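Trainee: Quick check, what structure comes out for this input:
(2 chains)
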Amino acid sequence: MTDLRFTPLRERHEALGASFTDFGGWAMPVRYTSDLAEHHAVRTAAGLFDISHMAQFRVVGPDRDAFLAYALAFDPAKLALSKAKYTMILAPTGGIVDDLIVTRNAPDELLVVANAGNRDAVRSALEERRAGFDAEIDELDASLIAVQGPRAQEILEATAGLDHDDALAMGHTLDSLPYYTAMGMRFRNGAVLVSRTGYTGEDGFELSVDSADAGALWDALRDAGEPLGLVPAGLASRDTLRLEAGMPLYGHELSLDVVPAQAGLGRVIPLATKEADFVGRSALERGMPEDAAVLVGLVADGKRAGRAGYAVYAGDTRVGEITSGALSPTLGHPIAMAYVAASVADAETPLTIDVRGTRIAATVSTLPFYKRNAK
Amino acid sequence: MTDLTSLKYTAEHEWVALDGDIATVGITDYAADKLGDVVFVELPEVGATIDAHSIVGEIESTKSVGELYAPLTGDVVEVNDAVVDDPSLVNSDPYGDGWLVKITVDPAAVADLLDRDAYLALTGGDE
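Mentor: Residues are numbered from 1 along each chain as shown, chains lettered A, B, ... in the order given. Sure thing, here's the model as predicted:
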């Protein structure tokens, strides 16, 4: 077993009594006290997550846009300054190497955020695809902290030392920052990239900060947030939050063996509007095989959840498999995402889940399971 | 507060409290912590005969499923309905209100289970 990596916030997690788990080769807090309490805090107030295990690549150079137009499935021509886009890096087969967020964080720079477990795969694919382009890739020594929940904005506004700076803000204010948009702010003497993004289904922000300042920012956010209900939250709650929000997790819903359309993410790929060729494009243009399984939501009654790997049946026929499942803390009933045959993928289709030998009735549901009230 | 040194333990992280020939069984604080917040508990039927080391119930958290092993052979005389209604008792009071089942046992067999020190050695000393 290789040595686990720790983020710069390790000591703070330990002091808070966190339990750690191996996630993508990183020792990450799985919970501090109660994963249910952390989940509910994010839905009702706010949670503070260390997501520094995620990889951050800075892409610069005159050909940066043309390079990423070829390397990734998104269209940089459509990405204005300060905007962020959820996208994919695909294999030539159309399979998913990773799901990413790309942000035009400066006029001459793009930031690519990748999953921890795919750091090496993304880096090597980017390096390989860079050939012939005048572009550079740097992996940042930066930490990533997420503040998620309905009170997230208030908390950032109240955070000591985190200040608006016209020179960094790219024309935005925290108050009016749109979803999937970033702005720079000043924290002490450094710059922090604040993006209105997240993985919980709530309003919230992800803050990219120099690792040397990560501890101080974490402390300042906690100090400001505690009176507003902010609690440190671990990966266990992050997983149930993203599942309720219908967001895929690489290694569960996404893999090299599925193409984006199977995961319900065909809309993310601009096949119709993007001019440039990109890795995976020709495979996607051939379309999905007719028998390709597709991702659906499943809901059930009772308390017993189907979990990753459990078989799904229509009558006596095995039609698919669950990729993620849990008893939804917010909804109070079991929810799951599953790949099933397209013939049984319509909403309201009755299916059953084999829960360790017992068949549980389930119904196909649209995603997400949970949607926050619009402002 | 339960005197934890008076209990017996299993390698499957159950604790056993013996009173006459009735053994009360629960899971340890260590096991409850590892599982995370328990959200569903399934227990055997009262009257069932259970065999030592067989799986007799399930303890599910948001993240995973734990199995309840019978620590000893015996008949189930009572199950904790309160913990079925409120599974969080397993986390909040694993040695008290979070108990799971009571079974009639051969008291002599209890002596073969782990004592507190042996159990702590197994968990690396974590409480």
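
Trainee: can you pull the pLDDT of residue A:1?
Mentor: With respect to pLDDT, residue A:1 has a value of 51.

Trainee: cool, residue A:140 as well?
Mentor: As predicted, residue A:140 sits at a pLDDT of 96.

Trainee: number of nearby residues for residue 81?
Mentor: With no chain named, the answer covers chain A. Residues within reach of residue A:81, counting by other CB atoms under 10 Å in any protein chain shown, total 13. C-beta here means a position set from N, CA and C on the backbone, and glycine is covered the same way.

Trainee: The chain in question should be chain B.
Mentor: Neighbours of residue B:81 under the rule other CB under 10 Å: 10.

Trainee: How about residue B:99?
Mentor: 23.

Trainee: likewise residue A:61?
Mentor: 16.

Trainee: contacting residues around it?
Mentor: By CB atoms under 8 Å, 6 or more residues apart in numbering or on different chains, the residues touching residue A:61 are A:67, A:133-136.

Trainee: switch the cut-off to 7 Å
Mentor: Contacts for residue A:61 (CB atoms under 7 Å, 6 or more residues apart in numbering or on different chains) come out as A:134-136.

Trainee: Please check those residues and keep the buried ones.
Mentor: residue A:135 (16 or more other CB atoms under 10 Å in any protein chain shown).

Trainee: Turn the contacts of residue A:61 into JSON lines, including pLDDT and secondary structure.
Mentor: Output for the contacts of residue A:61, formatted as JSON lines (pLDDT from 0 to 100; DSSP: H, G, I helix; E, B strand; the rest coil):
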{"residue": "A:134", "pLDDT": "98", "secondary structure": "coil"}
{"residue": "A:135", "pLDDT": "98", "secondary structure": "coil"}
{"residue": "A:136", "pLDDT": "98", "secondary structure": "strand"}
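
Trainee: could you dump the contacts of residue A:61 to CSV with distance to chain B?
Mentor: Formatted as CSV, the contacts of residue A:61 follow (distance: CB to the nearest CB, whole Å):
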residue, distance to chain B
A:134, 46
A:135, 41
A:136, 40
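
Trainee: from the contacts of residue A:61, which single one is nearest residue A:294?
Mentor: Taking CB to CB as the measure, residue A:294 lies nearest residue A:135 of the contacts of residue A:61, at 35.4 Å.

Trainee: I figured that closest one hits residue A:64, correct?
Mentor: Yes: counting by CB atoms under 7 Å, residue A:135 touches residue A:64, with 4.7 Å between them.

Trainee: phi, psi of the residue lying closest to residue B:8 once chain neighbours are set aside?
Mentor: In space, and not counting its chain neighbours, residue B:8 is closest to residue B:113: 3.7 Å by CB to CB, 6 or more residues apart in numbering or on different chains. When read as degrees, to the nearest 10, the backbone of residue B:113 gives phi -70, psi 170.

Trainee: Residue B:113: what's it in contact with?
Mentor: B:8-10, B:16, B:71.

Trainee: in the stretch 151-300 of chain A, which spans are strands?
Mentor: Here the stretch 151-300 of chain A has its strands, by DSSP state E, counting those that start in this stretch, at A:162-163, A:182-187, A:190-195, A:204-210, A:230-232, A:294-300.

Trainee: wait, which of those strands is closest to chain B?
Mentor: Proximity to chain B (CB to the nearest CB) singles out strand A:294-300 among the strands of the stretch 151-300 of chain A, at 12.1 Å.

Trainee: what about that closest one, near chain B?
Mentor: No: with CB under 7 Å from any CB of the partner chain as the criterion, chain B is not reached by strand A:294-300; the gap is at least 12.1 Å.

Trainee: Tell me, how many residues neighbour residue 8?
Mentor: Picking chain A for this. Neighbours of residue A:8 (other CB under 10 Å): 19.

Trainee: that's the wrong chain, I meant chain B
Mentor: Close neighbours of residue B:8, defined as other CB under 10 Å, add up to 23.

Trainee: hang on, the earlier thing: and the residue nearest to residue B:8, how far from residue A:340?
Mentor: 45 Å (CB to CB, to the nearest Å).

Trainee: For chain A, what lies in contact range of chain B?
Mentor: Going by CB under 7 Å from any CB, the residues of chain A near chain B are A:19, A:31, A:34-36, A:236, A:240, A:303-305, A:307, A:326-327, A:329.

Trainee: Out of the strands of the stretch 151-300 of chain A, which is closest to residue A:103?
Mentor: strand A:182-187 (5.1 Å).

Trainee: What lies in contact with that closest one?
Mentor: A:82, A:84, A:103, A:105, A:161-165, A:168-170, A:172, A:177, A:191-195, A:209, A:213, A:217.

Trainee: Distance of the closest residue to residue A:69 other than its chain neighbours relative to residue B:77?
Mentor: Nearest residue to residue A:69, sequence neighbours excluded (CB to CB, 6+ apart): residue A:276, at 4.0 Å. Noted for residue A:276: a distance of 72 Å to residue B:77, by CB to CB.
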